[in-house]
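Enquirer: whatever this is, show me its structure:
(chains A and B, ligands or ions: 2)
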Amino acid sequence: MKFLCDGCGSKMALKEAEGFDDNTVTISFVCEKCGTGFSMLANPMETQLVKGLGVQVGGRKGPHEPMEVLKGSLVTGEGGHEGELPWEKEALERLERVPLFARPMARKGIERYARENGYSTITPEVMEEARKASGM
Amino acid sequence: MKRYRDVEGDGGSGIVGQVTEKLGLLNERMAKVRRKVAVMSGKGGVGKSTVTVGLASALAARGLRVGILDADLNGPSIPDMMGIDAAVEHGPGGAIPAEAFSIKAMSMDLFLASPERHVRWDGPSETSPWVSTFEATALRELLADTAWGELDMLLIDLPPGHTRFNDLSGLLPGLDGVVMVTTPSEVSNLIVLKSINKVKESGVPVAGILENMMGYTCVHCGGKNELFAGEDMREAFEYAGVPCLGRVTFDRALSDLKGYLAGGKCVARGIFDEIGGKVLDFVETSKEKRGKGE
Ligand SMILES: Nc1ncnc2c1ncn2[C@@H]1O[C@H](COP(=O)(O)OP(=O)(O)O)[C@@H](O)[C@H]1O
Ligand SMILES: [Mg+2]
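Expert: Ligands and ions are numbered 1, 2, ... in the order given. Alright, predicted model coming up:
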């Protein structure tokens, strides 16, 4: 996208781009001939499109970073852990009946149920209740 | 009024230059990969990922340096199938691919904190047109920013449908061919015929069709049975201008790929080797043709 100064017919120059942190971006342009300026305020959708391309508005600052978009925009699930609840030995044994790949999901579901219902430790009884509550 | 082409230069961000630079990095990386073949089908669940691993293993057994790119961004299954449970590590030359059974692998799964996590992009809404932009960029990064090193073959396991194939063929003009996977059911065969036409239109050569789950051997009586009520498609495939590369039966040993990779007994091993050989021959021939500008 380029911008043209209607007053003097020349191309506007990009002055600065600011934002991205709150999913919006402000880009200011100025006509180098007559000094007219304006700013473009992009909404989150528009900003996101540019981010998705892995390009930088206002030109690239600094060298190419491998996996830039994957590192910067993928929600990986790290850091988002709530405090894990303690599990009784019997409860852990029972969890082992769940196939390995489905265990993290089961664990989370049970802990969520326990938290919502005021339990501070996971016991086989809590597991049974959680299972019934989910209609299984 | 002036039009876009009347005004020289760009808007000031050098977007075209930035994109060109990224593609240059991709080309540099891919220059070290001798052959690039995608495994696809229009349909899900026909065994694309299983076939990808089966072929990779057969080629690695021939002494080739093999990598797999799991291009199924939203349903990555390669790490799990190969018994890889590692997080991605970043080195100076890019992200380091996981390695198991002498096969290098890169997948979206390596970026997620735990196996049941799904891919979610940080942004205002998930039901937006920009999600596909992120996916296309993610595919480019997985290809270009992975330190594959020198490879004799990169197999790309595609998700069902055509979107990712379009992204891939756009990114990799040097894509050597496509292996189409189908199951002997009418739905699957019909969709695979559509896929073949579409891929051919895009200019990427189709190496051939692999018919998966072609019957099974009864574990009790040893009799061979059909899984689907499909018809013999080999002649039809030939009319469509693509050979049948081979047939893989339904085999319990293949549903446990870790055991298979570890050397478990399986009749499909020989078949995958044969198909792998055909794919290598196909790539050589199509490279020669391309070299001659045919
Ligand atoms: N020839 C085969 N014999 C036994 N199981 C198979 C075979 N091919 C695929 N499967 C199983 O079928 C399911 C789907 O296969 P997958 O490779 O994930 O398909 P896709 O990648 O096309 O979605 C998996 O559970 C896989 O183990
Ligand atoms: Mg798959």
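Enquirer: give me the distance from stretch A:26-46 to the chain's centre.
Expert: Computed by Cα atoms, centre = their mean, to the nearest Å, the chain-centroid distance of stretch A:26-46 equals 27 Å.
Enquirer: one more: stretch B:83-97?
Expert: 19 Å.
Enquirer: and for stretch A:96-113?
Expert: That offset, for stretch A:96-113, works out to 24 Å (Cα atoms, centre = their mean).
Enquirer: next, the contact list for the residue of chain B found nearest ligand 2, please.
Expert: Closest approach between chain B and ligand 2, counting by Cβ to the ion: residue B:49, at 3.4 Å. For the C-beta atoms, the positions are set from N, CA and C on the backbone; glycine is no exception. Going by Cβ atoms under 8 Å, 6 or more residues apart in numbering or on different chains, residue B:49 touches B:70, B:72, B:77, B:78, B:81, B:157.
Enquirer: between these, which is nearest residue B:130?
Expert: Within the contacts of residue B:49, the smallest distance to residue B:130 is 20.0 Å, found for residue B:72 (Cβ to Cβ).
Enquirer: skipping adjacent residues, who's closest to the closest one in space?
Expert: The spatially closest residue to residue B:72, leaving aside those adjacent along the chain, is residue B:159, at 4.0 Å (Cβ to Cβ, 6 or more residues apart in numbering or on different chains).
Enquirer: which pLDDT value belongs to that neighbour?
Expert: On pLDDT, residue B:159 comes in at 95.
Enquirer: what's the neighbour count on it?
Expert: 22 (other Cβ atoms under 10 Å in any protein chain shown).
Enquirer: touching, it and residue B:78? I think so.
Expert: No - counting by Cβ atoms under 8 Å, residue B:78 is not a contact partner of residue B:159; they are 11.6 Å apart.
Enquirer: what is in contact with these two at once?
Expert: residue B:72.
Enquirer: so where's the stretch 101-250 of chain B uncertain?
Expert: The stretch 101-250 of chain B contains residues with pLDDT under 70 at B:126, B:228-231.
Enquirer: flag every residue of it that's near ligand 1.
Expert: Within the stretch 101-250 of chain B, the positions near ligand 1 by Cβ under 6 Å from any ligand atom are B:212, B:213, B:248, B:250.
Enquirer: how much space separates residue B:254 from ligand 1?
Expert: Distance, residue B:254 to ligand 1, using Cβ to the nearest ligand atom, to the nearest Å: 4 Å.
Enquirer: would you mind measuring the gap between the ends of stretch B:27-46?
Expert: End-to-end span of stretch B:27-46 (Cα to Cα, to the nearest Å): 31 Å.
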